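Asker: Predicted structure and sequence below. I'll ask about it afterward.
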Amino acid sequence: MNTFMQMSTYFIQAVAGLYLGIILVRLLLQLSRADFYNPVSQFVVKATAVPLALLRRAIPPIKQFDTASLVFALLLQWLVIQATVMINGGGVINPLYCLEWGLLGIVSLTLDLYFYGLLAAIIVSWVAPHSRHPLVSLVWQIMEPVMAPCRRVIPSFGGIDLSPILLFIAINMLRIFIANLARAAMLPAGFVPGI
């Protein structure tokens, strides 16, 4: 792989990974019923509004689940995988492989969002526990639906919440599972954002 291929692959993967993260944050905002009037939420909504408005005409939501966001993320994954393969000298990939690889990438990226969101929430709770920054409140709103079941399993001891440990363990176990699924699916390393 020459320098141009490496630089092009990196650029496509970095930009697509960032935008995929924004799409998935929008999906998580809706699933967690976070405050859409938060300035960070408004940025996420505006960054995804045009393509999702077009997709929502053909793909309606299923109850509270925004199927258009998931389909948009899969379409973007497919485009990125195909572009990466073509830049590296490959041809057209079977769309079923792209769908499988794209789903694995989306699940992996979602686990990363939860992992780093949990890490940020823990650090902020120690450094600035009463912060009213919009990003901090949004992180807490997204993390709360996954933290609540863990709190029921592991109650706080002396004012210290140990439930994030359980969530870290669950996330890392799921990461191992996804990595093994990616190997079983013969996913080429570095071709799918999120993995």
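Answerer: Yep, it's here. Numbering: from 1, shown residues only.
Asker: so where do the strands sit in the protein?
Answerer: Counting by DSSP state E, the chain forms no strands at all.
Asker: Need the nearest residue in space to the residue nearest to the spatial centre of it, chain neighbours excluded.
Answerer: Centroid-nearest residue in the chain, with C-alpha atoms, centre = their mean: Thr110, separated by 3.0 Å. Nearest non-adjacent residue to Thr110, counting by C-beta to C-beta, 6 or more residues apart in numbering: Leu24, 5.5 Å away. Quick note: C-beta positions are derived from backbone N, CA and C, even for glycine.
Asker: Over to Trp78?
Answerer: Cys98 (4.4 Å).
Asker: what's the average pLDDT for the longest helix seen in the chain?
Answerer: In the chain, assigned by DSSP state H, the helix with the most residues is helix 95-127. For helix 95-127, the per-residue pLDDT values average out at 88.
Asker: Buried residues in it, which are they?
Answerer: 97-98, 100-115, 117-118, 121, 124 (16 or more other C-beta atoms under 10 Å).
Asker: How about stretch 12-32?
Answerer: With the criterion 16+ other C-beta under 10 Å, stretch 12-32 contains buried residues 12-13, 16-17, 19-21, 23-29, 32.
Asker: Tell me which two of those residues sit farthest apart.
Answerer: Spatial extent of the buried residues of stretch 12-32 (C-beta to C-beta) is set by the pair Ile12 and Ser32 at 29.7 Å.
Asker: Am I right that Pro145 is in contact with Leu31?
Answerer: Yes: the criterion here is C-beta atoms under 8 Å, and Pro145 meets it with Leu31 at 7.2 Å.
Asker: From the contact counts, what lies against the helix or strand bottoming out on mean pLDDT in the chain?
Answerer: Here the helix or strand of the chain ranked lowest by mean pLDDT, DSSP states H and E is helix 134-153, holding a mean of 86. Where contact means 3 or more C-beta pairs under 8 Å, 6 or more residues apart in numbering; DSSP states H and E, helix 134-153 is packed against helix 3-32, helix 39-58, helix 95-127, helix 163-184.
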